[in-house]
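Participant: Sequence first, then the predicted structure, then my questions.
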Amino acid sequence: MKKKKYPTSKLIRFITHIAFTLFTRFYGIKKNMPEEIKKLKAPYLVLGNHVGYWDPFITGYFLPEYTHFVSSDAAFRNPVIRFFLNGLGTIPKKKSIRDTKVIRDIISVIKQGENVGIFAEATRTWSGCTQPIDPSIAKLIKMLKVPVVVPILEGMNLLNPRWAYKIRRTKVEVEYKLLFTKENVIEFSEKEIYDKFTEAVNYNEVSRQRIKKNKIHSSKRAEFINHTLYLCPECKAIDTFSAKGNNFYCRSCGYDIHINRYGFFERTSFGKLYFDNVRDWFNWEEQEFFKSVSEIIKNGFKDMIFEDIASNVYIEKENTPDLIFAGKADIQFFKDKITLKFIDTEKVINMNFDDLQTINPQVNERLEIYYKNTAYRIIGNIPGVSALKWEVAANAIWKISGQTHKLSSYIRH
């Protein structure tokens, strides 16, 4: 018998199943699954919206057939997590880099009669809205010629927003839809598949919440929202927010916000409310910061633009996914490079933007950079410091220099 690609461990699958039986019941997560999916036989593709860390476990738990999910290789760097992901037959992919190996692995898993789950947005949403989707997903669907199931996680961005450390209690439901049968995939053109899929997976948490008004049962609704919101709309200061409980404020100008029990913003003092939700604030700051960095570069500014001081730096160990602590460094952004200036050793690493492959904010204060095929992980020393601003600023550089193949799909340029 031919050896399976990404085999699974019965023990780890059993442990995971028990854990998410308890998890979904404890948090009251429900499913809405039509009979045609309950009766659907593997293999098929599972293509849902990507909101939180737990998305693959929750969507996979409710499905009648086991699903191998594709995950960023960054998730494999922790040896404990790697042990469980390997046991679950998870398929690793280099984030924001064209990876032909992952396509071959997906094809192999489908050919052995098992499901594959992919989050076509490639990264979790910062604002609760579905992000742009690469048209190549339609090519993959046509190539595989299997049915496509689309699960939509409704309320997940309230339960487990990307910027928060802790899960909150609120209503969450997974809506499953059989989008394409095998016959549909063969019949439809790539454009028809792409258009139907992007329409089906499109979701906006803010718009839904304005109608549903589901309560968020948490006394820490604002904590670490500064991972996502790093630019003050009042004074335009960067990374000056402090957050505690259900409130956050700008240390530079005092602009203050209370997050109410439905997740919407209110002023805690008198003054203008620029945005009443995270989606609109996020969209504004991305455009504003992108434009600001672009103008600085075009005006010939040569000094450091911004920095995060005394960050912990880890470097990928050769030929392994493991990371080795390299020391504390000030990470500095210039128009042509990112500099790691180590504090104790006085060592300096200059990463020019031509050779810098990707820059991705991860969970919490974590930033991951691929430079000359080596991964660097930088963790900010201040709780809540935003790694997201680095990605937006790097995209501005790449746009100006014509390196459009490196641009993040969800950042509007």
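Facilitator: Perfect, thanks for sending it. Numbering: from 1, shown residues only.

Participant: just the helices in this protein please.
Facilitator: Using DSSP state H, the helices of the chain run over residues 10-26, 35-38, 55-62, 79-87, 100-111, 136-144, 156-159, 182-187, 190-201, 205-212, 278-298, 388-401.

Participant: which helices and strands does the fifth one pack with?
Facilitator: Read it as helix 100-111. strand 67-72, strand 91-93, strand 115-118, helix 136-144 (3 or more C-beta pairs under 8 Å, 6 or more residues apart in numbering; DSSP states H and E). In this view, the C-beta of every residue, glycine as well, is placed from N, C-alpha and C.

Participant: Which of those sits closest to residue 127?
Facilitator: Relative to residue 127, the nearest member of those by C-beta to C-beta is strand 67-72, separated by 19.4 Å.

Participant: Walk me through the domains of this structure.
Facilitator: Following automatic domain parsing, the chain resolves into domains at 10-212, 225-276, 293-406.

Participant: In CSV, list those along with mean pLDDT, distance to residue 4 and mean neighbour count.
Facilitator: Shown next, in CSV, are the domains of the chain (pLDDT from 0 to 100; distance: least, C-beta to C-beta, whole Å; neighbours: other C-beta atoms under 10 Å):
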stretch, mean pLDDT, distance to residue 4, mean neighbour count
domain 10-212, 93, 6, 18
domain 225-276, 96, 38, 17
domain 293-406, 91, 21, 17
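
Participant: Adding distance to residue 286 as columns, could you present those domains in CSV?
Facilitator: Compiled in CSV, the domains of the chain are given as follows (distance: least, C-beta to C-beta, whole Å):
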stretch, distance to residue 286
domain 10-212, 9
domain 225-276, 9
domain 293-406, 6
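
Participant: With respect to residue 283, which of those domains lies nearest?
Facilitator: domain 10-212 (6.9 Å).

Participant: and the end-to-end length of that closest one?
Facilitator: Domain 10-212 has its terminal residues 40 Å apart, counting by C-alpha to C-alpha, to the nearest Å.

Participant: And it, how far out from the chain middle?
Facilitator: 13 Å (C-alpha atoms, centre = their mean, to the nearest Å).

Participant: and the gap between residue 205 and residue 324?
Facilitator: Residue 205 sits 38 Å away from residue 324, going by C-beta to C-beta, to the nearest Å.

Participant: isn't residue 376 right up against residue 368?
Facilitator: Yes. Using C-beta atoms under 8 Å, residue 376 is in contact with residue 368, at 7.1 Å.

Participant: shared neighbours of these two, which are they?
Facilitator: Common neighbours of residue 376 and residue 368 are not found (criterion: C-beta atoms under 8 Å, 6 or more residues apart in numbering).

Participant: right, and the domains of the chain - which one's nearest residue 287?
Facilitator: Using C-beta to C-beta, the domains of the chain put domain 293-406 closest to residue 287, at 9.3 Å.

Participant: Let's have the helices and strands packed on helix 100-111 in TSV, adding distance to residue 124.
Facilitator: Output for the helices and strands packed on helix 100-111, formatted as TSV (distance: least, C-beta to C-beta, whole Å):
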stretch	distance to residue 124
strand 67-72	10
strand 91-93	14
strand 115-118	14
helix 136-144	17
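
Participant: hang on, isn't residue 141 packed against residue 180?
Facilitator: Yes. Using C-beta under 8 Å, residue 141 is in contact with residue 180, at 7.1 Å.

Participant: Run through the residues that contact residue 268.
Facilitator: 247, 249, 256, 257, 258.

Participant: again, 10 Å this time
Facilitator: 246, 247, 248, 249, 255, 256, 257, 258 (C-beta atoms under 10 Å, 6 or more residues apart in numbering).

Participant: How about residue 367?
Facilitator: Applying C-beta under 10 Å, 6+ apart, the residues contacting residue 367 are 308, 311, 331, 338, 359-361, 376-380, 385-391.

Participant: Quick check: closest non-adjacent residue to it.
Facilitator: Excluding its sequence neighbours, the residue lying closest to residue 367 (C-beta to C-beta, 6 or more residues apart in numbering) is residue 387, at 3.8 Å.

Participant: got it, and residue 369?
Facilitator: residue 376 (4.5 Å).
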